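Asks: need a 3D model of the sequence below.
(chains A and B)
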Protein chains: 2
Amino acid sequence: MQSDLQQNSPEVNMPAVQNSRFLRACRRQPVDCTPVWLMWQAGRYMPEYRQLREKYSILEIIKTPELASQVTMQPMNAFNLDAAIIFADILPPLEGMGLELDFVKGEGPAIHNPVRTAADVTRLRVPPPEESLWFTLEAIKLAREELDGRDLPLIGFSGAPYTLAAYAVEGGGSRNHTLVKSLMMSDASAWHKLMEKLSEIVGHYLLAQAKAGVHALQIFDSWVGQLAPEDYRQFVMPYTRHSIEIARAAGVPIIHFGTDTNGMLELIRDAGGDVIGVDWRIELDEAWTRLGDQIAVQGNLDPIALFAPWEGLQQRAQRVLDQANGRTGHIFNLGHGILPGTPVDNVKRLVDFVHEYTAV
Amino acid sequence: MQSDLQQNSPEVNMPAVQNSRFLRACRRQPVDCTPVWLMWQAGRYMPEYRQLREKYSILEIIKTPELASQVTMQPMNAFNLDAAIIFADILPPLEGMGLELDFVKGEGPAIHNPVRTAADVTRLRVPPPEESLWFTLEAIKLAREELDGRDLPLIGFSGAPYTLAAYAVEGGGSRNHTLVKSLMMSDASAWHKLMEKLSEIVGHYLLAQAKAGVHALQIFDSWVGQLAPEDYRQFVMPYTRHSIEIARAAGVPIIHFGTDTNGMLELIRDAGGDVIGVDWRIELDEAWTRLGDQIAVQGNLDPIALFAPWEGLQQRAQRVLDQANGRTGHIFNLGHGILPGTPVDNVKRLVDFVHEYTAV
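Replies: Below is the predicted model:
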């Protein structure tokens, strides 16, 4: 047994957190039961968070390390989650570049001076993350202090270059991505300059988070599923890869997540990452077969399943776990972020069910 | 040559329109060049249509057969399209069931009394299409008169049961489909009753359009890509299949279209249809290989490509045609509907390019 453990865990002399379920699964090592965390696990569905939001705006919480760390810990105190994710947002990196960011009540994020022309791209700054995103790096240090006593890992994250470009050009959320894709298709020179800047920002932000103390990194390409595969290959993939390559210097596992990517999962994998996030629009078994067994997989429960009565939720969670079919390297998660209004009790039962059902 | 033609065209004694490129491609017969039409080809991007909209609302146009027929013909007069599609909307069938439909300026469709409970489902009527949708059936007859002189086929359509359920329950467009999927997951009995009613409405509406004179039918499951494959299989697929089976009695080709379905293309195919619509999020070649060569395929240009300069548009259209790789049964189309603001000149050049590039 001892030799088995050593073989599977070269980190026996490293901190206990390195032997946590989550980090072992990221490395495709055997685990005692399937690790689980939930995208957007800290936030709007929790009463503790809504109470804090009565006093502070989203940006105030993100930019006050004590508050961001506190919100990071809220779901860790409420549920038996296997990893924390730092409370932040994918958009603040754009602020440091010179874009004016705001969260409009009921409408989501808005950028008042979106990028529309080559001149707009030229004006974008590429500041070091320690300058423009110091608050998240500081929040990571505080959250680590809280988590270290429990040997629980902390995840850092960034939006991927395309997803940041979509917000920067559209000026907010967008159904069809007409503006960002039109820029990509009509002004290749401006597009490549924009993506170069974004890929540097993203890569160095991820790296700085690892240096500040996170144990794993997730790159969110939430909107990349709006692209045709060939456009992804030509105009996006090299930049996602560049960001991941910069972050790789930190030596921590990297999770690469997207949605609506089931027509190009292989390209997403080839852009990089130790773990590929899979949305709920595909059976996990089929996705994993396409990705191959040299990759860990995170997913893939429909976030709406958390609104179902327990039996319906349990059936759907069980199906995901059955589809993983005992492969090493499965991290249970939703196929996208947890939604406002999600019943807290279902979250608690789901997390416990994943552990109980998969216990070896 | 004669025997070849007969072998490929059992309809030599039928009207010339049956030998049109579009209908031959639906039947996977050889064509002189690839047929092309564009989803939503009549409407908001055309100046002729916007002029009409200054005088009439969308619902007024749809419910006045002369106007609906006129709008159907607008793109046929402007471009060398290979098929017309009757100008209608997927929501009027819901009106006949007792839902109060409105188009709110800038916000899209709204239903004032959405379906939320089992009692709401019970109240829904299932009237014959000749009663509740007479205006579209009448518009079909008028459009046929215009088209017959040109031997051009006319397509009729309906939303699929899930897409109609999504509107009926959400009360309009929706990003996450929380309400409709929650109903599906929490009250199976109400859900199945709702889908039974919708599948009857859809099937008989399609059948009535064929009887009124359309040469092909398209069933739009535009929002079904919000579902996990297993939920589709259990809660939706039997109803789509039932609608298609009812419509099949008409003996005209049926196109089955969805978006975001690349994680479950095989299920979409197995639900029925002679032609499967494929969105732009997958390479056409890969999609067709998965679907198999016993099926015709429609697609799959990104609608945003029409906003690109001509070279960018041409490259992307050429890629779609190259991916079809000379297989019989390709109908060129977009991966979803044409968008407002699309440059009309690009539409014209695209249609001509498809013909020229594929001429044998």
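Asks: wait, does the longest helix that chain A contains contact chain B?
Replies: The single longest helix within chain A, with elements called by DSSP state H, is helix A:188-212. No - using C-beta under 8 Å from any C-beta of the partner chain, helix A:188-212 stays clear of chain B, with a minimum separation of 8.8 Å. For the C-beta atoms, the positions are set from N, CA and C on the backbone; glycine is no exception.
Asks: put the alpha carbons of the next helix or strand after that helix into PDB.
Replies: Per DSSP states H and E, the first helix or strand lying C-terminal to helix A:188-212 is strand A:216-221. Once non-C-alpha atoms are left out, strand A:216-221 reads as follows in PDB (Å, rounded to 0.1, in the frame of the first residue of the first chain):
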ATOM      1  CA  ALA A 216      -5.200  25.300  -9.000                       C
ATOM      2  CA  LEU A 217      -6.300  27.700 -11.800                       C
ATOM      3  CA  GLN A 218      -9.400  27.800 -14.000                       C
ATOM      4  CA  ILE A 219      -9.600  29.600 -17.300                       C
ATOM      5  CA  PHE A 220     -13.200  30.400 -18.100                       C
ATOM      6  CA  ASP A 221     -14.000  30.600 -21.800                       C
END
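Asks: write out the residues of the stretch 51-200 of chain A neighbouring chain B.
Replies: Neighbours of chain B within the stretch 51-200 of chain A, by C-beta under 8 Å from any C-beta: A:Asn176, A:His177, A:Thr178, A:Lys181, A:Ser182, A:Met185, A:Ser186.
Asks: out of those, which end up buried?
Replies: Buried by 16 or more other C-beta atoms under 10 Å in any protein chain shown: A:Asn176, A:His177, A:Thr178, A:Lys181, A:Ser182, A:Met185, out of these.
Asks: using the three-state scheme, assign A:Val126.
Replies: coil (DSSP: H, G, I helix; E, B strand; the rest coil).
Asks: relative to B:Phe353, how far out is the most centrally placed residue in chain A?
Replies: Centroid check for chain A by C-alpha atoms, centre = their mean gives A:Gln218 as the closest residue, at 4.1 Å. To B:Phe353, A:Gln218 is 42 Å away according to C-beta to C-beta, to the nearest Å.
Asks: picking up where we left off before, show me which of the residues of the stretch 51-200 of chain A next to chain B has the smallest pLDDT value.
Replies: Lowest pLDDT of those: A:Asn176, 93.
Asks: ok, that residue touching B:Ile304?
Replies: Yes - counting by C-beta atoms under 8 Å, B:Ile304 is a contact partner of A:Asn176 at 6.8 Å.
Asks: OK, now which residue of the stretch 1-150 of chain A is nearest to chain B?
Replies: Nearest residue of the stretch 1-150 of chain A to chain B: A:Gly108, at 10.2 Å (C-beta to the nearest C-beta).
Asks: if I pick A:Gly277, what's in contact with it?
Replies: A:Gly277 is in contact with A:Gln218, A:Ile255, A:His256, A:Phe257, A:Gly258, A:Val297, A:Gln298, A:Gly299, A:Asn333, counting by C-beta atoms under 8 Å, 6 or more residues apart in numbering or on different chains.
Asks: A:Ser186 now?
Replies: Contacts of A:Ser186 by C-beta under 8 Å, 6+ apart are B:Phe307, B:Ala308, B:Pro309, B:Gly312.
Asks: what do you get for A:Leu321?
Replies: By C-beta under 8 Å, 6+ apart, the contact list for A:Leu321 reads A:Thr34, A:His330, A:Phe332, A:Val354, A:Tyr357, A:Thr358.
Asks: so which of the residues you listed are in helices?
Replies: Taking DSSP H as the definition of helices, the contacts of A:Leu321 contribute A:Val354, A:Tyr357, A:Thr358.
Asks: count of neighbours near A:Gly335?
Replies: Other residues within reach of A:Gly335, judged by other C-beta atoms under 10 Å in any protein chain shown, total 24.
Asks: that older thread, from memory the residue of the stretch 1-150 of chain A closest to chain B sits against A:Gly171, does it?
Replies: No - using C-beta under 8 Å, A:Gly108 is not in contact with A:Gly171; the gap is 11.0 Å.
Asks: more crowded one of those two?
Replies: With neighbours defined as other C-beta under 10 Å, A:Gly108 and A:Gly171 compare such that A:Gly171 has more, 19 against 11.
Asks: so for that one, what's the pLDDT?
Replies: On pLDDT, A:Gly171 comes in at 94.
Asks: any idea how far it is from B:Gly341?
Replies: To B:Gly341, A:Gly171 is 16 Å away according to C-beta to C-beta.
Asks: pretty sure A:Gly299 sits in a strand.
Replies: Yes - membership of A:Gly299 in a strand is supported by three-state DSSP.
Asks: now the nearest residue to it once chain neighbours are set aside. Its backbone dihedrals?
Replies: In space, and not counting its chain neighbours, A:Gly299 is closest to A:Val278: 3.9 Å by C-beta to C-beta, 6 or more residues apart in numbering or on different chains. When read as degrees, to the nearest 10, the backbone of A:Val278 gives phi -120, psi 130.
Asks: A:Val278 and B:Met185, how far apart?
Replies: For A:Val278, the distance to B:Met185 - C-beta to C-beta - is 20 Å.
Asks: what sits against A:Ala249?
Replies: Residues near A:Ala249 by C-beta under 8 Å, 6+ apart: A:Leu207.
Asks: which pLDDT value belongs to it?
Replies: 96.
Asks: how much space between it and A:Lys211?
Replies: Applying C-beta to C-beta, the value for A:Ala249 to A:Lys211 is 10 Å.
Asks: returning to that earlier point: and which of the contacts of A:Leu321 is nearest to B:Asp89?
Replies: Nearest to B:Asp89 among these is A:Phe332, at 41.1 Å by C-beta to C-beta.
Asks: tell me the contacts of the residue nearest to the closest one when sequence neighbours are not counted?
Replies: Nearest residue to A:Phe332, sequence neighbours excluded (C-beta to C-beta, 6+ apart): A:Val36, at 4.1 Å. Taking C-beta under 8 Å, 6+ apart as the criterion, A:Val36 is in contact with A:Leu81, A:Asp82, A:Ile331, A:Phe332, A:Asn333, A:Leu350, A:Val351, A:Val354, A:His355.
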